[in-house]
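model this:
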Amino acid sequence: MSRAMHKLSARTVEVITKPGRHSDGNGLYLVIDKTGRKKWVFIYIVAGKRKEMGLGRAGKGGVSLAEARASAEKARAAVREGADPIKQRDVKREEKRIPTFGEIADQLIESMQDAWRNAKHRAQWTMTLRDYAKPLRSRPVNEITTVDVLAVLQPIWRTKPETASRLRGRIERVLDAAKARGYRSGENPAMWRGHLQRLLPPRQKLTRGHHAAMPYEDVPALVSTLRQRMDISSRALEFTILTAARSGEVFGATWGELDLKTKIWTVPAQRMKSGREHRVPLVDRAAELLEELKPLDGEVDPHHLIFPGRKAGRPLSNMALNMLLRRLGHGDCTVHGFRSSFRDWAGECTEFPREVAEAALAHIVGDETERAYRRGDALEKRRRLMEAWATFLNNDEAISNIVAISRKADQAVA
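Reported below is the predicted structural model:
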């Protein structure tokens, strides 16, 4: 026996004020609360459970009686087919919802994992799109504008040009993926050519010292290649990278400048750009490399060059290392650029104070008063920094497990 339907009229819905449920038949109810507010509810049973599905506000300006009846009929049809109309509605709402930038970014990273050579690349993408692009992550992806992209890039465009450039490209990829899925339309606001290139200075003009630098993420793989070679140029380049020293300082280094017991290389003032003596802490690998370069009898002349060139008494040349880079497929990088690679790594991957990283590069930081107050050369702090750098360089197939030393810990040890 069928249930009575259409018990209510449009006029009744308009004038009735009694709190409670007023049935229109077959599961559709007009519900009035104690404050007089009205709403439509469809009550049904699916899989043995009783459920209530809201159909919207009733009364003037709300869902009409006819509209409520139409919605209830669609819900009844779903129940007859064994489906849950509430779940169906939720699925449709989710399909219509515009995902956030963060959701699309995470989906893109997940889809690309098989294309990456190792876990390090995934970690780099995840970190930049999680940390640097944080202001974008909660925004619906269709609302991202050029202004939003610039707000993320400009704070690091001059200070971390390599990271900023990579971040821009990754944001562009995320927005392209969103467009391909139908969540965006129009031009990509992170596009460089013809767009952001007119709003931001070219990245290559911002690279520290105007020396082309290899991204720090790629340096461990190069070091691994160098260690498989036995020529003097490869040893010199690895030593240069490990110490973050200037190439001229390395080429002119003599055995008398070394103290392998304390693992300190002291570069005399006359060979330093600053005109000041500079002590370089040697990590285990640097000391090991030097031991390998000693004569078989272990006896060295303190005046002899550590990295001699082909001509007797002449040091290795910068051209020799540049040619080595070219042979290894890195002709677009310079030897001096590895100092920039080191500085970018120290700033982005560790919590060592800026002053320690600059001291490792033998840069003069602060005015005369500040330098007089500081006095020391932070040797032990720099040693910990260089050990962390060596740990990073030792791992070219996975994410390096660098333990960043906090500023507080550094100050406590000083």
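
All the strands of the stretch 201-350 of the chain, residue numbers only.
In the stretch 201-350 of the chain, the strands defined using DSSP state E, counting those that start in this stretch lie at 258-259, 264-267, 278-281.

Kindly apply the preceding question to the stretch 1-150 of the chain instead.
Counting by DSSP E, counting those that start in this stretch, the strands of the stretch 1-150 of the chain are 20-25, 28-32, 38-46, 49-57.

For the second one, name the packing helices and strands.
Looking back up the chat, that one is strand 28-32. strand 20-25, strand 38-46, helix 65-80 (3 or more Cβ pairs under 8 Å, 6 or more residues apart in numbering; DSSP states H and E). Backbone N, C-alpha and C define where each C-beta goes, glycine included.

Same question for the first one.
Judged by 3+ Cβ pairs under 8 Å, 6+ apart, strand 20-25 is in contact with strand 28-32, helix 65-80.

Pull up the gap between Glu238 and Lys38, please.
79 Å (Cβ to Cβ, to the nearest Å).

shaky segments in the stretch 51-200 of the chain?
Across the stretch 51-200 of the chain, the ranges flagged by pLDDT under 70 are 93-95, 115-118, 120.

any idea where the helices of it begin and end?
65-80, 85-96, 101-112, 119-127, 134-137, 146-157, 161-180 (DSSP state H, counting those that start in this stretch).

Tell me which residues of the last one come out buried.
Along helix 161-180, these residues count as buried under the neighbour rule (16 or more other Cβ atoms under 10 Å): 161-168, 170-179.

for the fourth one, same thing?
Within helix 119-127, the residues scored as buried using 16+ other Cβ under 10 Å are 120-121, 124-125, 127.

Pick out the residue closest to the middle of this structure.
Thr128 (1.6 Å; Cα atoms, centre = their mean).

wait, that one sits on Leu167?
Yes: using Cβ atoms under 8 Å, Thr128 is in contact with Leu167, at 4.9 Å.

ok, back up a step: including distance to Ala390, could the buried residues of helix 119-127 go into CSV?
Formatted as CSV, the buried residues of helix 119-127 follow (distance: Cβ to Cβ, whole Å):
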residue, distance to Ala390
Lys120, 17
His121, 22
Gln124, 20
Trp125, 25
Met127, 21
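
What is the nearest of the residues you listed to Gly62?
Set against Gly62, the nearest of the buried residues of helix 119-127 by Cβ to Cβ is Trp125 (47.5 Å).

Identify the residues contacting the closest residue to the closest one other than its chain neighbours.
If the residues on either side of it in the chain are set aside, Trp125 comes closest to Ile109, at 5.3 Å by Cβ to Cβ, 6 or more residues apart in numbering. Ile109 makes contact with 122, 125-126, 129, according to Cβ atoms under 8 Å, 6 or more residues apart in numbering.

if we go to 10 Å?
116, 121-122, 125-126, 129-130, 170, 173-174 (Cβ atoms under 10 Å, 6 or more residues apart in numbering).

wait, isn't Ala123 in contact with Asp131?
No: between Ala123 and Asp131 there is no contact, the gap being 11.6 Å when judged by Cβ atoms under 10 Å.

quick one: low-confidence ranges for the stretch 301-414 of the chain?
For the stretch 301-414 of the chain (pLDDT under 70), the answer is 364-377, 396-414.

any idea which of the helices and strands packed on strand 20-25 is most buried?
strand 28-32 (a mean of 21; mean count of other Cβ atoms under 10 Å).

Pull up the gap between Glu249 and Glu277, please.
12 Å.

for the closest residue to Val250 other than its chain neighbours, what are its contacts?
Leaving aside its chain neighbours, Val250 sits nearest to Thr240 (4.9 Å; criterion: Cβ to Cβ, 6+ apart). Counting by Cβ under 10 Å, 6+ apart, Thr240 touches 246-247, 249-251, 307, 321, 335-336, 338-339.

Format the residues you listed as CSV; extra columns: distance to Ala362 and neighbour count.
Converted to CSV, the contacts of Thr240 look like this (distance: Cβ to Cβ, whole Å; neighbours: other Cβ atoms under 10 Å):
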residue, distance to Ala362, neighbour count
Arg246, 8, 21
Ser247, 13, 22
Glu249, 8, 20
Val250, 12, 24
Phe251, 16, 24
Phe307, 19, 22
Leu321, 19, 23
Val335, 16, 23
His336, 13, 20
Phe338, 14, 27
Arg339, 10, 25
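
Take the residues you listed and keep only those in helices.
247, 249-251, 321, 338-339 (DSSP state H).

Just put those residues in TSV and tack on distance to Pro281.
Listed next are those as TSV, based on distance: Cβ to Cβ, whole Å:
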residue	distance to Pro281
Ser247	19
Glu249	14
Val250	15
Phe251	20
Leu321	22
Phe338	17
Arg339	16
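
what's in contact with stretch 144-155?
By Cβ under 10 Å, 6+ apart, the list of residues contacting stretch 144-155 reads 100-101, 104, 132-136, 139, 157, 163-165, 167-168, 171-172, 174-175, 178, 184, 187-191, 195-196, 199-200.

Just the C-alpha atoms of stretch 165-184, please, in PDB.
Taking C-alpha atoms only, stretch 165-184 is exported to PDB below (Å, rounded to 0.1, in the frame of the first residue of the first chain):
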ATOM      1  CA  SER A 165      64.400  30.000 -10.100                       C
ATOM      2  CA  ARG A 166      63.600  26.300  -9.400                       C
ATOM      3  CA  LEU A 167      60.700  27.300  -7.200                       C
ATOM      4  CA  ARG A 168      59.200  29.400 -10.000                       C
ATOM      5  CA  GLY A 169      59.500  26.400 -12.500                       C
ATOM      6  CA  ARG A 170      57.800  24.100 -10.000                       C
ATOM      7  CA  ILE A 171      55.000  26.500  -9.300                       C
ATOM      8  CA  GLU A 172      54.500  26.700 -13.100                       C
ATOM      9  CA  ARG A 173      54.300  22.900 -13.300                       C
ATOM     10  CA  VAL A 174      51.700  22.800 -10.600                       C
ATOM     11  CA  LEU A 175      49.500  25.400 -12.300                       C
ATOM     12  CA  ASP A 176      49.900  23.700 -15.600                       C
ATOM     13  CA  ALA A 177      48.700  20.400 -14.000                       C
ATOM     14  CA  ALA A 178      45.700  22.200 -12.600                       C
ATOM     15  CA  LYS A 179      44.900  23.600 -16.000                       C
ATOM     16  CA  ALA A 180      45.200  20.200 -17.600                       C
ATOM     17  CA  ARG A 181      42.600  18.900 -15.100                       C
ATOM     18  CA  GLY A 182      40.200  21.700 -15.900                       C
ATOM     19  CA  TYR A 183      40.600  23.700 -12.700                       C
ATOM     20  CA  ARG A 184      42.200  26.700 -14.400                       C
END
